[in-house]
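Visitor: Below: sequence and its predicted model.
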Amino acid sequence: MVTTATLFPCSKHQVISRPDVVSSIRTRNHRNIDSNIHKNSNNPSMLQSISASESEISSNPIKNSLEIANDDDFSHYSNDSQREREDEIKYVSHQNAIKILDFIITPLRCRGGSQKSISVSGGAQDRTGSTEKKLSSSIPSDVPRVLSVLNMAIAMSLHYLAYSLARPSTMSLFTSSTTGFGGSAIAFPLAMAFISPTSLGLLLLYGRILNATGPRAALRRTTYICSFFLGFSSLAIRILSGGGGVGGGQLNSFILPSLVCILFVFRESYVQLLTSQYWSFLASVVDPSQSARWFAPISGLTSITSALAGIWVSPLVKRVGLTGLLHLASIILLSTLFFTERAYMIADEHGFNPIDEIKQKASTKSKKRMANKANATTATTTNEEGMVKKASELFARIPVLKALFLEILAGQGLSTLLNVCFVTKLSEAIPDDDERAGYTGKFFAIINTISSFLQFGILPSVVPRIEAGSLWKIMPLFVVGTTIFQSFEKDPSLLVVSGSFMLMKTLEFSVRRMLDEMVYVPLDFNSRFVGKEIISVFGYRFGKSGMSLALSGLSSLFGDFGVRELSSLSTGASMLWLMAAWNVGKLVPTRANADLQYKKNKGMIAADKKH
């Protein structure tokens, strides 16, 4: 038990309240007397003097122990007490961090065994730091890892907060009759078709930055690019629209709609570029069992901030306008860099930076070369390969990645169809731009609220008990049912269309996102940082663009499609998604096999470090 007296330095006059110190001094004095008796066994006069000292100590142990002890004894115990206090402060800080995590993310608990309690009393402590060792042994070893994960999760949640503010703004600007393409049925799917090439361009840019500077700098630079583009585009739109937001001033009939279209396409493209980088880091610093417990609540944080953004849209639009909302999104996105840098800094300090994996592999091939460049670049053996070649090699080596790519194409194709249904019906039902932005914000707020409930309340308990492969197979069945119901409606109402789209997005934000990220945890560096970008950025957006191009082609051949026709197409697309997800479910490793694969990868790194 640690008392107040043991936590602060003590003087010679205060030692009377330190029974542990007195006991230690008394024990040492008796030890010294025994030693002197042994050394002077042949000297009667000295033995007599020693015996008198022993009698005096025994008659008043506390008083005489204090008199015999010199000032060095007290300065020693004073220093020991200060060290104990510093160690306890460190321990309490770590415990408070875990309490915060428990409060925010209940499943983010350190479950690697019971934590030991602090024990500083009960006899003398030696001068070799036994107290420090006891305290440090009671501090959970994975606290830095948890703090790093938490920082990256906060960054990702702020990223989605910014995106959720930008989404209704760009959507309203695009569908506006004054700044965008209101009344044009072909404009929306045609714009969606440009998302794929834009995503490909961003992906190639990311690949160059990653090869040249590493994942940390790549995340930093791409965040700068996305934030500045949002900010400058919104400023330009505000100027071109006469400074008064939508409908103000002389509008340029060509430049303004073109800029709004570019901003809309970019906003659809950049979100996955950044999201996949956050998840690549998270997948690199946790093991499969941790991912099953942590990924759902981490996704829940993004759902909470997205829901809050949806609630704030209407009042914010009234105060700052649509362009002001984009400015705010730009600033929030820029603020994520504080947390991403913190996450990488903690990982680097404690030896689990994802770049260490590729450096260790490179060091086995050329240790001398890596010794000169250890802090310079993230040079990999695939620097000069193109993205297509990298993708084909990864898909051939890891079949589940190919299946996941096809599943994303099918799933995003379906999501695009339901999105077009939603936007078409919403434009018919709510013609006012600001009201439509408010409805969109509240709609996604509801989606994210439901998603956060699933991510915090349901999935952390369900996922550790059910294999991921089974969840992949079950998930699409719900959407198949709702699309079939919608297709039977002669004129689906806004409520029915919104319900189908809401279910799809809720599953996508909660269950599918978590299952998707769990696939990458046991895989190697290239799979997590290169393969993931190819699949998540290009595949995600190519699915949207491919479906949009198909809709544009069908519209040009057969005329504009109504909501009923789009609903029938959605039923067919949901069947394709079911088949693709079923295939992923068959290839995803079981929990036991994922653990083995993860330990194999980490074991190879550990072996390299020993050499």
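Guide: In hand now; what should we look at? Residues are numbered from 1 along each chain as shown.

Visitor: only C-alpha atoms for contact and neighbour calcs from this point on.
Guide: Noted.

Visitor: So V420 versus A236, what's the distance?
Guide: According to CA to CA, to the nearest Å, V420 stands 28 Å off from A236.

Visitor: next one: F228
Guide: Distance from F228 to A236, by CA to CA: 12 Å.

Visitor: same question, R167
Guide: R167 is 18 Å from A236, by CA to CA.

Visitor: Then T178?
Guide: 15 Å.

Visitor: For R167 and A236, indicate the residue with more neighbours.
Guide: Using other CA atoms under 10 Å as the criterion, R167 and A236 rank with R167 on top: 21 against 15.

Visitor: quick check: longest helix of this structure.
Guide: If you go by DSSP state H, the chain has its longest helix at helix 288-349.

Visitor: For that one, which helices and strands make contact with it?
Guide: In terms of contacts (3 or more CA pairs under 8 Å, 6 or more residues apart in numbering; DSSP states H and E), helix 288-349 is packed against helix 143-175, helix 215-240, helix 433-453, helix 459-462, helix 513-520, helix 591-610.

Visitor: Report the residue spans of the stretch 51-200 of the chain with pLDDT below the cut-off.
Guide: For the stretch 51-200 of the chain, residues meeting the criterion pLDDT under 70 lie at 51-141, 185.

Visitor: can you check the chain too?
Guide: Filtered on pLDDT under 70, the chain yields the residue ranges 1-141, 185, 243-252, 357-388, 558-560, 602-611.

Visitor: Run through the residues that contact T483.
Guide: Contacts of T483 were listed using CA atoms under 8 Å, 6 or more residues apart in numbering, and they are 500, 567-568, 570-571, 574.

Visitor: let's see 7 Å
Guide: 500, 567, 570-571 (CA atoms under 7 Å, 6 or more residues apart in numbering).

Visitor: Which of the residues you listed sits closest to F444?
Guide: Nearest to F444 among these, counting by CA to CA, is S500 at 13.0 Å.

Visitor: ok now do that closest one, which residues does it touch?
Guide: For S500, the contact set (CA under 7 Å, 6+ apart) comprises 482-483.

Visitor: Going by neighbour count, which residues in the helix or strand hosting it are buried?
Guide: Element membership of S500 [criterion: DSSP states H and E] is helix 494-507. Neighbour counts over helix 494-507 (16 or more other CA atoms under 10 Å) mark 494, 496-507 as buried.

Visitor: ok, and for stretch 548-565, which residues are buried?
Guide: Buried, per 16+ other CA under 10 Å, within stretch 548-565: 548-549, 551-552, 561, 563-564.

Visitor: Those residues: which two are farthest apart?
Guide: L549 and R564 (19.1 Å).

Visitor: For S227, which non-adjacent residue is closest in space?
Guide: In space, not counting the residues next to it along the chain, S227 is nearest to S330; the distance is 4.7 Å by CA to CA, 6 or more residues apart in numbering.

Visitor: my guess is the one you found meets F229, correct?
Guide: No. Contact status for S330 versus F229: not in contact, 8.1 Å apart, counting by CA atoms under 7 Å.

Visitor: More neighbours: which of the two?
Guide: S330 (26 against 16).

Visitor: OK, contacts around that one?
Guide: Applying CA under 7 Å, 6+ apart, the residues near S330 are 162, 227-228, 230-231.

Visitor: ok, and the most crowded of those residues?
Guide: In terms of neighbours by other CA under 10 Å, the contacts of S330 top out with A162 at 28 neighbours.

Visitor: I figured that residue hits A329, correct?
Guide: Yes. Assessed by CA under 7 Å, A162 is found in contact with A329 at 4.2 Å.

Visitor: What is the helix or strand harbouring A550 packed up against?
Guide: Here A550 is covered by helix 540-558, with elements defined by DSSP H and E. Judged by 3 or more CA pairs under 7 Å, 6 or more residues apart in numbering; DSSP states H and E, helix 540-558 is in contact with helix 187-193, helix 195-213, helix 399-429.

Visitor: what does the shortest one contact?
Guide: Contacts with helix 187-193, where a contact means CA under 7 Å, 6+ apart, come from 181, 261, 265, 544-546, 548-549, 551-552.

Visitor: Of all pairs in the residues you listed, which one is the farthest apart?
Guide: The most widely separated members of these, counting by CA to CA, are F181 and G546 (20.9 Å).

Visitor: what's whichever strand or helix holds G572 in contact with?
Guide: In this assignment (DSSP H and E), G572 forms part of helix 563-587. The contact list for helix 563-587 (CA under 7 Å, 6+ apart) reads 400, 403-404, 406-407, 410-411, 414, 417-418, 421, 469-470, 472-473, 476-477, 479-480, 483-484, 486-487, 490-492.

Visitor: from those, which would you call buried?
Guide: When the contacts of helix 563-587 are checked for burial by 16+ other CA under 10 Å, the buried set is 400, 403-404, 406-407, 410-411, 414, 417-418, 421, 469, 472-473, 476, 479-480, 483-484, 486-487, 492.

Visitor: Taking helix 288-349 as reference, get the angle to the helix or strand hosting L256.
Guide: For L256, the element it lies in under DSSP H and E is helix 255-285. Calculated by axes from the mean of the first three to the mean of the last three CA atoms, to 10 degrees, helix 255-285 forms an angle of 100 degrees with helix 288-349.

Visitor: Next, the buried residues of helix 255-285.
Guide: Across helix 255-285, burial judged by 16+ other CA under 10 Å covers 256-285.

Visitor: Check stretch 575-582 too.
Guide: Residues of stretch 575-582 classed as buried: 575-578, 580-582 (neighbour count, 16+ other CA under 10 Å).

Visitor: which one of these is nearest A296?
Guide: Nearest to A296 among those is A581, at 19.1 Å by CA to CA.

Visitor: how about the CA coordinates for stretch 415-434, as CSV?
Guide: C-alpha atoms of stretch 415-434 as CSV (Å, rounded to 0.1, in the frame of the first residue of the first chain):
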residue,chain,number,x,y,z
SER,A,415,-24.7,1.4,-54.6
THR,A,416,-24.5,3.7,-57.6
LEU,A,417,-27.8,2.4,-59.0
LEU,A,418,-29.5,3.0,-55.6
ASN,A,419,-27.8,6.4,-55.3
VAL,A,420,-29.1,7.5,-58.7
CYS,A,421,-32.6,6.3,-57.7
PHE,A,422,-32.3,8.3,-54.5
VAL,A,423,-31.0,11.5,-56.2
THR,A,424,-33.6,11.3,-58.9
LYS,A,425,-36.5,10.9,-56.5
LEU,A,426,-35.1,13.5,-54.1
SER,A,427,-34.8,16.1,-56.9
GLU,A,428,-38.4,15.5,-57.9
ALA,A,429,-39.7,15.6,-54.3
ILE,A,430,-37.6,18.6,-53.0
PRO,A,431,-36.8,21.2,-55.6
ASP,A,432,-35.2,23.8,-53.2
ASP,A,433,-31.4,23.5,-53.0
ASP,A,434,-30.9,24.4,-49.4
